[in-house]
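> Requesting a structural model of the entry that follows:
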Amino acid sequence: MLPDFLKFTVIVDDISQYSRLFPSHGLSIYIELPLSKGKKLHVMFDTGSNFQILDHNAKILGIRYDLLDYVIISLWRKCHVGGLLTSLKRKGDMKIIVPPLHTKRSNDKLREKGYLLSSDFKHDVLELLGPLGDRIKEYALIVKLRKNLVIFTGCLRFGIEELFKQLYEKGYTQVHAIVGGLNISILDVMTLEYLRKAVEDFQIEIMYPLHSTAPQARRIILKNFFDLDMECGVGLSATIP
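Residues are numbered from 1 along each chain as shown. As a prediction, the model looks like this:
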């Protein structure tokens, strides 16, 4: 049975909402989903660029690594995988999912180290969409709720158009929310217009732009597309739907 809702908390982002929480060029989002019989699914999507910053913010936000079921990396860039590579340790039954590399030998080594490749990952509630791009493979996380879908994105360095193209090809024509990096600046006029149409076509109710979305672009998306006066950054926590 699919969860009715999820709760997410931003641990790492380029902008911080609170002075006690450190901003950093990168992204990390903690996701909590209620399952049956009182159980919960705990996911960390990306780990920021540095474990010290990840750990500092996580402790203030009350996030415990020992509860994590999955750490999911969207792409092999320091601002997404740095926290994992610099100190985040596997605990208990935690599984770490990473994008495949360019060669079979490299991927075999990842498997030998205990990593699960994004291309091999299967789950009833979580789905990885991708690869978005060729040489540097990026994956978006689809969370399936009982009534809708929530998409978590890392950087979208190959463009938001590719995300919606693959969603459509998979038969996902309605999305409730998108959380994460959108790879958009205020100068990307055509991309912003494309996004406006995609919001209508996919009936998107809310977006939480982070990381690779420039501050002014975040405000335009929130205000012009959803009539919201709010800031997104480290410390943001929300329940969807």
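> Return the backbone torsion pair for the most centrally placed residue in the chain.
In the chain, the centroid-proximal residue (C-alpha atoms, centre = their mean) is Phe152; its distance is 3.5 Å. Main-chain dihedrals, Phe152, degrees, to the nearest 10: phi -110, psi 130.
> now it, which residues is it bridged with?
The partner list for Phe152 in beta bridges (DSSP bridges) reads Leu141, Val179.
> quick one: the helices in this protein?
51-61, 78-86, 104-112, 160-169, 189-201, 215-220, 226 (DSSP state H).
> Give me the contact list for the second one.
Okay, so that is helix 78-86. With contact meaning C-beta atoms under 8 Å, 6 or more residues apart in numbering, helix 78-86 is reached by 12, 25-28, 46-54, 71, 73-75, 96, 98, 154-155, 211. To be clear about C-beta, it is placed using only N, CA and C from the backbone, and glycine gets the same treatment.
> Give me the subset of those residues lying in strands.
Val12, Ser28, Val71, Ile96, Val98 (DSSP state E).
> now those in a markdown table, with neighbour count?
Below are those laid out as a markdown table (neighbours: other C-beta atoms under 10 Å):
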| residue | neighbour count |
| --- | --- |
| Val12 | 33 |
| Ser28 | 31 |
| Val71 | 25 |
| Ile96 | 19 |
| Val98 | 23 |
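> Can I get those in TSV including distance to Gly159 and pLDDT?
Output for the ones in strands among the contacts of helix 78-86, formatted as TSV (distance: C-beta to C-beta, whole Å; pLDDT from 0 to 100):
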residue	distance to Gly159	pLDDT
Val12	23	98
Ser28	22	99
Val71	26	98
Ile96	27	96
Val98	22	97
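> What is the nearest of these to Leu167?
Val98 (22.0 Å; C-beta to C-beta).
> quick one: the closest one and Leu128, what's the gap?
11 Å (C-beta to C-beta, to the nearest Å).
> can you check Arg146 too?
Arg146 is 20 Å from Leu128, by C-beta to C-beta.
> just to revisit the earlier point, in PyMOL, select just the buried ones from the contacts of helix 78-86.
Filtering these down to the buried ones (16 or more other C-beta atoms under 10 Å) takes a single PyMOL command:
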select buried, resi 12+25+26+27+28+46+47+48+49+50+51+53+54+71+73+74+75+96+98+154+155+211
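> mind showing which ranges of this protein have poor pLDDT?
The model of the chain has no residue with pLDDT under 70.
> separation between the residue sitting furthest away from the middle of the chain and Glu112?
Distance from the centre of the chain peaks at Arg105, with 27.6 Å (C-alpha atoms, centre = their mean). The spacing between Arg105 and Glu112, counted by C-beta to C-beta, is 11 Å.
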